[in-house]
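S.K.: can you look at this prediction? I've put the sequence above it.
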Amino acid sequence: MSVVRIEKPRPHTSVIVLNRPERMNSMAFGLVEPLHDAITQVAADNETWCVILTGSGRGFCAGADTRDLEPPSNIDGLTLTRIATRSMSILADLVPALQRMPQPVICAVNGAAIGGGFCLSLGADIRIAGESAYFRAAGINNGLTAVELGLSFLLPRAIGSSRAFEILLSGRDISAAEAAAIGLVSRTVPDEKLLDAALEMAEQINGWSTQGTQLTKRLMWAGLEAGSLRAAIEMESHTQLFVRLTTKNFEEAHAARREGRKPEFKD
């Protein structure tokens, strides 16, 4: 059984499935390393325009695996401190790897998103939650820090610093309903409709210019790190001008409206 599956249920949409349900898809290196491979493979697939990330079974990802403590692969000859550094590097690159994917990534959160699973969901561009979903920054509950894998950067930007501080320091669970209310997820849907909702959103995104959606993703993440409004506007202006001058998308959009049809963007 593959612990990470890649499915293609609809044209131009790939679904990456964490498939270790007996451990609620927890982050053993036996799952994390194949997940990196799947992200790399799907990112390079030119026929994939949108990506969905989800988990099998009753949990999205339950964070660190406290039972399977095997180290990562390819560590022969390394000292303990170098193994620790390599291990953290592999884990720490998961969120940047999702952000580096050219395609928009939709996270369909089913059940528990705990610790590293919480962080992983924040690496996606869009989050939809099933009604059973809940989020917890579990490090604080385990006597560690609550922040890891970019959570101190991503969570305040998603929901504001006051809410982020309260959630991280209290160690409490955030239900799907609360997550929607505070903007942590776009919306909640019944569990049985979660994947369909994500696929429908992917289809809507896929109806636009692939160049437009992929560059919008890049600009959104860059904008979150921009130092000023002027810097963000400069990035946006150059990108918008680039697409306007190097494609016929704008003309096609106007023609489609005049003719009462859907546009067919060729990029």
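M.R.: Received, thanks.

S.K.: what's the burial count for Thr145?
M.R.: 12 (other CB atoms under 10 Å). For every residue, glycine as well, the C-beta is placed using N, CA and C.

S.K.: 32 is where my numbering starts, stick with that
M.R.: Sure, I'll start counting at 32 from here, so that last one is Thr176.

S.K.: would you mind confirming that it is in contact with Gly170?
M.R.: Yes - between Thr176 and Gly170 there is a contact at 5.3 Å, judged by CB atoms under 8 Å.

S.K.: the lowest-mean-pLDDT helix or strand in the chain - contacts with which helices or strands?
M.R.: Lowest by mean pLDDT, DSSP states H and E among the helices and strands of the chain is helix 111-123, with a mean of 85. With contacts taken as 3 or more CB pairs under 8 Å, 6 or more residues apart in numbering; DSSP states H and E, helix 111-123 sits against helix 60-74.

S.K.: mind checking how far the helix it packs on is from the chain centre?
M.R.: In terms of CA atoms, centre = their mean, to the nearest Å, the centre of helix 60-74 is set 13 Å apart from its chain centre.

S.K.: for stretch 291-298, same thing?
M.R.: From the chain centre to the centre of stretch 291-298 is a distance of 28 Å (CA atoms, centre = their mean).

S.K.: can you get me the start-to-end distance on it?
M.R.: 20 Å (CA to CA, to the nearest Å).

S.K.: what's the mean pLDDT across it?
M.R.: Computed over stretch 291-298, the mean pLDDT rounds to 89.

S.K.: could you do stretch 204-224 as well?
M.R.: Here the average pLDDT along stretch 204-224 is 97.

S.K.: may I have that stretch as PDB, with CA atoms only?
M.R.: Extracted in PDB, the C-alpha atoms of stretch 204-224 (Å, rounded to 0.1, in the frame of the first residue of the first chain):
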ATOM      1  CA  ASP A 204      -8.700  22.700  19.600                       C
ATOM      2  CA  ILE A 205     -10.200  24.900  16.900                       C
ATOM      3  CA  SER A 206     -13.300  23.300  15.500                       C
ATOM      4  CA  ALA A 207     -14.200  23.500  11.800                       C
ATOM      5  CA  ALA A 208     -17.000  26.000  12.500                       C
ATOM      6  CA  GLU A 209     -14.600  28.300  14.500                       C
ATOM      7  CA  ALA A 210     -11.900  27.900  11.800                       C
ATOM      8  CA  ALA A 211     -14.400  29.200   9.200                       C
ATOM      9  CA  ALA A 212     -15.500  32.000  11.400                       C
ATOM     10  CA  ILE A 213     -12.000  33.400  12.000                       C
ATOM     11  CA  GLY A 214     -10.800  32.900   8.400                       C
ATOM     12  CA  LEU A 215      -8.500  29.900   9.000                       C
ATOM     13  CA  VAL A 216     -10.500  28.000   6.300                       C
ATOM     14  CA  SER A 217     -12.600  29.300   3.500                       C
ATOM     15  CA  ARG A 218     -15.600  27.300   4.500                       C
ATOM     16  CA  THR A 219     -16.900  24.100   6.000                       C
ATOM     17  CA  VAL A 220     -18.900  21.400   4.200                       C
ATOM     18  CA  PRO A 221     -20.300  18.000   5.300                       C
ATOM     19  CA  ASP A 222     -17.600  15.400   5.500                       C
ATOM     20  CA  GLU A 223     -19.100  13.300   2.700                       C
ATOM     21  CA  LYS A 224     -19.000  16.400   0.400                       C
END
